[in-house]
Every structure is written in C-alpha cells, then in structure tokens.
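Undergrad: return a 3D structure for these sequence lines:
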Amino acid sequence: DRMVHTAERMKGDADYSQRFPAPHADILGPTTESLGLDKAWVYGVIRQESRFNTDARSNVGASGLMQVMPTTGKYVAGKIGLEEYAPGKLTDLRTNLVLGSNYLNMIMGRFEGSQVLATAAYNAGPGRARSWRNKMTGAMEGAAFAETIPFSETRTYVKAVMANATNYAAMFEKKPQSLKARLGGVAPAETRSE
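TA: Okay, the predicted model is just below:
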C-alpha cells in the first residue's frame, strides 16, 4: 500500500508496475479463471479496497485484501462449501481472496455480468445497486450510470475500480484499453435481453 501511495504522488513517469502491482497471482489466477472472472477487474477491486494491505480493516468490520465483511464471508463460505470457516480466517490471504472473488462472481450473476453494477453492489450492497438500477427509465452508458449513484463514496469507488481494471487489463494484455468499452452500458432489469 505504501508503494502504491508513493507511486501515485510521483511527478512525471512512474513505474507502472509500482502504481498497479499484481501480487498473489498464484491464488488469483486460478481462482478468477475457474470462476470466469476478469482478473483485471478483481485486481482493480483489491487495489481500491485495501491497496494490497493484507491486514486492512475497515471501521465497519471488513477485513483483508478484499475487505470482506464477516457476514458476507460466512454466507459465501456456506455457498461454496468452504469447510471450517470462521470470521478470523478473513485475514488469511487465500481465504480472503477466494471468498471475495466468489462474492464478486455471485454479484456479477445477479447483475447479468455488468461490472459497473457489480462494483456498485460490492461497495454499497446488492440491494442498493438493484434499487438504483430499478429507478432507471432507460439504458445508459456505464459512465453516465456511475454519475447517477447517489452515494458519493460509491460513485467515486465505481469510477476508481473501473479505471484500475482498465489499467490492469492494459498491463496484462500489453496493449491500450478503453475505459468506455469496459464501462459498457447499463439497462433497467426489465429491458435486458439475455
């Protein structure tokens, strides 16, 4: 987290790998691949949640790299059959990454694969994200939807995670990426065609 903090404040050219580190690939690679998740997006979430500080704890009780809440950890552990789960395991690197990634995957399923909606849900809760989506009168670009989020923390969070994910994808794929393409579009639930 100190490396990311320092790299962001450097003037001029900075080592991109210091600004967007990608540790724990031995866990995240197989986990994201098995779930069909975009690894760049998961890294974007982690960078925003904890800056890769494994000991991170929020004032509301979220823990670890992916800032998993104890109730969420218990729920996800039950759903994926993770035996011997206890809230104290949220600070275990592997457990945190597996639970957090699986939770992202569950949220993605609820929002038909929309990273923008799933990111909002990861931060503010699926109920709130569903409510915001239900208030939509028509489809809109993901960037426009992000600007309509009524919570400034979540609005900032979504924009940061999606920008992070775009940068990670550029690093992983070794070619420029489009933030607009990553943000895509968001449509009210009743108009989505799947």
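Undergrad: check which helix or strand covers the residue nearest to the spatial centre of the chain.
TA: With distances taken as C-alpha atoms, centre = their mean, the residue of the chain nearest its centroid is residue 45 (3.1 Å). Element membership for residue 45 (DSSP states H and E) is helix 39-50.
Undergrad: so where's the longest helix in this protein?
TA: helix 152-173 (DSSP state H).
Undergrad: next, the angle helix 39-50 makes with it.
TA: 140 degrees (axes from the mean of the first three to the mean of the last three C-alpha atoms, to 10 degrees).
Undergrad: can you list the residues that contact helix 152-173?
TA: 16-17, 19-20, 22, 38-41, 43-45, 47-48, 115-116, 119-120, 123-124, 128, 142, 146-147, 149, 176-179, 182-183 (C-beta atoms under 8 Å, 6 or more residues apart in numbering). To be clear about C-beta, it is placed using only N, CA and C from the backbone, and glycine gets the same treatment.
Undergrad: which of those residues count as buried?
TA: Buried subset of these (neighbour count, 16 or more other C-beta atoms under 10 Å): 19-20, 22, 38-41, 43-45, 47-48, 115-116, 119-120, 123-124, 128, 142, 146, 149, 177, 182-183.
Undergrad: run through who's touching the helix holding residue 45.
TA: 1, 4, 20-22, 28-29, 32-33, 52, 56, 62, 64-67, 100-101, 104, 115, 119, 122, 157, 160-169, 171-172.
Undergrad: let's go with 6 Å and repeat that
TA: Applying C-beta atoms under 6 Å, 6 or more residues apart in numbering, the contact partners of helix 39-50 are 22, 32, 56, 65-67, 101, 115, 160-161, 164-165, 168-169, 172.
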